[in-house]
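1. Return a 3D structure for these sequence lines:
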Amino acid sequence: MSPPVFIFVGHSNSGKTTLIERLIPELARRGIRVATIKHAHHKVQLDTEGKDSWRYKNAGAALSMLVTTNALQLVADAIEEREPVQLARRFLGEADIVLAEGFSHVPGPKIEVLRRGLGKPPRCEIGDGLIAIATDCPEVYPELPHFTLDDLEALANFLLQYTVRT
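-> Numbering: from 1, shown residues only. So this is what the prediction gives:
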């Protein structure tokens, strides 16, 4: 069975990476094994110190994946079991939850990260799978659950409760 996947969307510099990076320890503190997937629209040097996937792994993610237009990178702790069945079991099933960044055009439950200071409208609409918003703009999609960018406990509770409901 695959773990639930939540897609964090938003404009560049909205704080998606930072929010996910800060959410990982909150979930990990509760015993949740977190994996991350990052979508990049451009070519990048993979696993560079200080970059997003490196930051996720150093924040405590059990697994971190970066997907670009021409490559895929998975960073995980090294283990001795390296047979195909063992690897499949490990990389496809050991995470309890997956936090993905980007992927705004694919189906799935999305959390929009929106900051008033960017001066841009939301990237997604409710019909795009938006289930919540992390923002300092309470007037945007008032019918959705809102979380401040610092309320990691409430956001983690929401994600875990959403997982149980669906």
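2. low pLDDT regions in this protein?
-> Scanning the chain for pLDDT under 70 picks out 1, 44-47, 78-79, 81-92, 166.
3. And the helices in it?
-> Secondary structure of the chain (DSSP state H): helices located at 16-29, 52-59, 84-93, 152-165.
4. Which elements pack onto the second one?
-> The criterion is 3 or more CB pairs under 8 Å, 6 or more residues apart in numbering; DSSP states H and E, and the helices and strands that helix 52-59 contacts are helix 16-29, strand 34-39, strand 63-67, strand 72-76. C-beta: built from backbone N, CA, C; applies to glycine.
5. mind running it again at 6 Å?
-> Identification of packing neighbours for helix 52-59 by 3 or more CB pairs under 6 Å, 6 or more residues apart in numbering; DSSP states H and E yields helix 16-29, strand 34-39, strand 63-67.
6. Please identify the buried residues of it?
-> With burial defined by 16 or more other CB atoms under 10 Å, the residues of helix 52-59 counted as buried are 52-57, 59.
7. which outside residues touch that helix?
-> For helix 52-59, contacts defined as CB atoms under 6 Å, 6 or more residues apart in numbering pick out 17, 21, 24, 36, 38, 47, 64, 66, 75.
8. circling back: reformat the helices and strands packed on helix 52-59 as CSV; add distance to Val140.
-> Below are these laid out as CSV (distance: least, CB to CB, whole Å):
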stretch, distance to Val140
helix 16-29, 16
strand 34-39, 23
strand 63-67, 28
